[in-house]
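Undergrad: Provide a 3D model corresponding to the input given below.
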Amino acid sequence: MARKRPVRGAGTIVMLEHRSKVLAENPLGDPHVRRLAVWLPPQYDRRRSGPGARFPVLMDMVGFTGSGPAHLNWKPFSENLAERAARLIHDKRMGPVILVMPDCFTSLGGNQYVNSTAVGRYADYLVDEVVPFVDREFRTLASRDHRGCFGKSSGGYGAIIHGMRYARHWGAIADHSGDAYFEFIYHCDWPNTLNVLAKHRQPARKAGRQAPAEVARSNRRLMQGFDDGRAKRFLDAIWARPKLSHAEGMAIMNVCMAATYDPDPKAPLGFRFPFHLDTGEAVPGRWRRWMRHDPVNLVARYRRSLRSLRGIYIDCGWRDQFHIHYGTRILSKRLTSAGIAHRYEEFDDDHSDVDYRMDVSLPFLYRALRP
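TA: This is a model prediction of the structure:
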């Protein structure tokens, strides 16, 4: 939007502190006491809606390096999530809903809203703790038929995965530019990640003739996907730094995905890598573990759960710089082949700053979940 305009009846923001049992003693040592932001629509006021009025709930799953409460920050030339919802309700494009914005940030930059022994039980945190907590604290329509989740990028991935694996908790989902078709979005970027990790190799690589014994020594452990210390040194270095370079930011994302998709409590860092850290060779069997989490490979397995949803919304910009539009096309194609009703849209934009697409998805979710 070109100009911001005030909206009458902007609703109420409630900031709560939630003490999680699920995240206590998580493997990264991240906080288990989390902020939980909740936005209540103007109609939540009992004088306007009546004492018994209850409302559908939408949970916001933010993208990598994000946090739910950050979606309440002021935005230039645009709106934060609460302002957007208030406008859509005021303009009668949707009815009143309660918005829940959990904090699921981790020391690895985020998570994919799934359970991992190397990152934490973030799926359980949402469905076993946050959902019932919100239902206790607020006047919600406390059933899956009136509860949905939505997100962009890693949050979009979380939404579609929750629609597959946790459909007993969610009635509708919206997936904006969610991770899909891992061969295109992750596989092709691993050479850059290996280059970043190589800066922390010990001993440092030397120019000239390479000793066969050294190559053979490194191959034994690295060919099993284990860290030889460089990944830990990389993480220690960036945790001590006030700023990450773009290359480091992309590298920690791939490290986080390895911890998410291929955890192994017996590995040095609690997870394995899909490629040999020196040669870039594929580590036998490890990439297959990633493929088990790719939404394009899960449609058939979770066909019944997806069919039970009251609404599935998916979109992506056709200039997505991470090539996610190819994955969303495959995902839509496989949903169609499985007879799963959904709405799929593409738009002329890339992966960045596309929150305006919620003008489409939030009303879609409300219509699917309204009483």
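
Undergrad: the helices in the stretch 201-350 of the chain, which residues?
TA: Along the stretch 201-350 of the chain, the segments classed as helices by DSSP state H, counting those that start in this stretch run 212-222, 230-239, 246-261, 286-291, 303-308, 324-337.

Undergrad: Mean pLDDT, distance to residue 40 and mean neighbour count added to these, as CSV?
TA: In this view, the C-beta of every residue, glycine as well, is placed from N, C-alpha and C. CSV is the format used below for the helices of the stretch 201-350 of the chain (pLDDT from 0 to 100; distance: least, Cβ to Cβ, whole Å; neighbours: other Cβ atoms under 10 Å):
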stretch, mean pLDDT, distance to residue 40, mean neighbour count
helix 212-222, 67, 52, 12
helix 230-239, 97, 36, 17
helix 246-261, 97, 32, 21
helix 286-291, 97, 40, 16
helix 303-308, 98, 28, 16
helix 324-337, 98, 32, 20
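
Undergrad: Please tabulate these in a markdown table, including the columns distance to residue 154.
TA: Below are those laid out as a markdown table (distance: least, Cβ to Cβ, whole Å):
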| stretch | distance to residue 154 |
| --- | --- |
| helix 212-222 | 27 |
| helix 230-239 | 19 |
| helix 246-261 | 9 |
| helix 286-291 | 15 |
| helix 303-308 | 20 |
| helix 324-337 | 11 |
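
Undergrad: Any idea which of the ones you listed gets closest to residue 108?
TA: With Cβ to Cβ, the closest approach to residue 108 among the helices of the stretch 201-350 of the chain belongs to helix 246-261: 3.8 Å.

Undergrad: Which one, of the helices of the stretch 201-350 of the chain, ends up nearest to residue 184?
TA: With Cβ to Cβ as the criterion, residue 184 lies closest to helix 324-337 of these, at 5.4 Å.

Undergrad: and for the closest one, what are the contacting residues?
TA: Residues from elsewhere that reach helix 324-337, judged by Cβ atoms under 8 Å, 6 or more residues apart in numbering: 153, 160, 175, 177-182, 184-185, 295-296, 299-300, 306, 312, 314-319, 342, 344, 346, 351.

Undergrad: picking that back up, which stretch among the helices of the stretch 201-350 of the chain comes nearest residue 371?
TA: The minimum distance between residue 371 and these falls on helix 303-308, with 18.3 Å, by Cβ to Cβ.

Undergrad: Where do the domain boundaries of this structure fall?
TA: With automatic domain parsing as the criterion, the domains of the chain are listed as 12-180+295-369, 185-291.

Undergrad: now the helix or strand in which residue 367 is found: how far from the chain's centre is it?
TA: Element membership of residue 367 [criterion: DSSP states H and E] is helix 358-369. Centre-to-centre, helix 358-369 and its host chain are 19 Å apart (Cα atoms, centre = their mean, to the nearest Å).

Undergrad: low-confidence ranges in the stretch 151-300 of the chain?
TA: For the stretch 151-300 of the chain, the stretches flagged by pLDDT under 70 are 212-218.

Undergrad: still on that earlier bit, which one of the domains of the chain has the most crowded surroundings?
TA: Across the domains of the chain, averaging neighbours per residue (mean count of other Cβ atoms under 10 Å) puts domain 12-180+295-369 on top, at a mean of 19.

Undergrad: Regarding stretch 119-126, how distant is the last residue from the first?
TA: Taking Cα to Cα, to the nearest Å, stretch 119-126 runs 15 Å from one end to the other.

Undergrad: where do the strands sit along the stretch 51-200 of the chain?
TA: For the stretch 51-200 of the chain, the strands defined by DSSP state E, counting those that start in this stretch occupy 57-61, 98-102, 115-116, 120-121, 147-152, 172-176.

Undergrad: Residue 208 is nearest to which of the ones you listed?
TA: strand 115-116 (41.1 Å).

Undergrad: strand partners of that closest one, parallel vs antiparallel please.
TA: Note on strand 115-116: by DSSP bridges, its sheet partners are strand 120-121 (antiparallel).

Undergrad: Averaged pLDDT, stretch 41-60. What do you get?
TA: Throughout stretch 41-60, pLDDT has a mean value of 86.

Undergrad: now do stretch 22-35
TA: 96.

Undergrad: what does it contact?
TA: Residues contacting stretch 22-35 (Cβ under 8 Å, 6+ apart): 15-21, 69, 102-108, 117-122, 124-125, 128-129, 270.

Undergrad: Quick check: helices, which of these are part of them?
TA: 122, 124 (DSSP state H).

Undergrad: Of all the helices of the stretch 201-350 of the chain, which one is nearest residue 146?
TA: From those, taking Cβ to Cβ, the stretch that ends up closest is helix 303-308, at 14.3 Å.

Undergrad: So which elements touch that closest one?
TA: For helix 303-308, the elements it packs on are helix 154-165, judged by 3 or more Cβ pairs under 8 Å, 6 or more residues apart in numbering; DSSP states H and E.

Undergrad: now the angle between helix 324-337 and the helix it packs on, please.
TA: With axes from the mean of the first three to the mean of the last three Cα atoms, to 10 degrees applied, the angle from helix 154-165 to helix 324-337 works out at 20 degrees.

Undergrad: Can I get helix 154-165 as CSV, trimmed to CA atoms?
TA: Only the C-alpha atoms of helix 154-165 are listed here, as CSV (Å, rounded to 0.1, in the frame of the first residue of the first chain):
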residue,chain,number,x,y,z
SER,A,154,9.8,-21.9,6.9
GLY,A,155,6.5,-20.9,8.4
GLY,A,156,4.7,-21.9,5.2
TYR,A,157,6.5,-25.2,5.4
GLY,A,158,5.4,-25.5,9.0
ALA,A,159,1.8,-24.9,8.0
ILE,A,160,1.6,-27.5,5.3
ILE,A,161,3.5,-30.1,7.5
HIS,A,162,1.1,-29.5,10.4
GLY,A,163,-1.8,-29.9,8.0
MET,A,164,-0.3,-33.3,7.1
ARG,A,165,0.9,-34.6,10.4
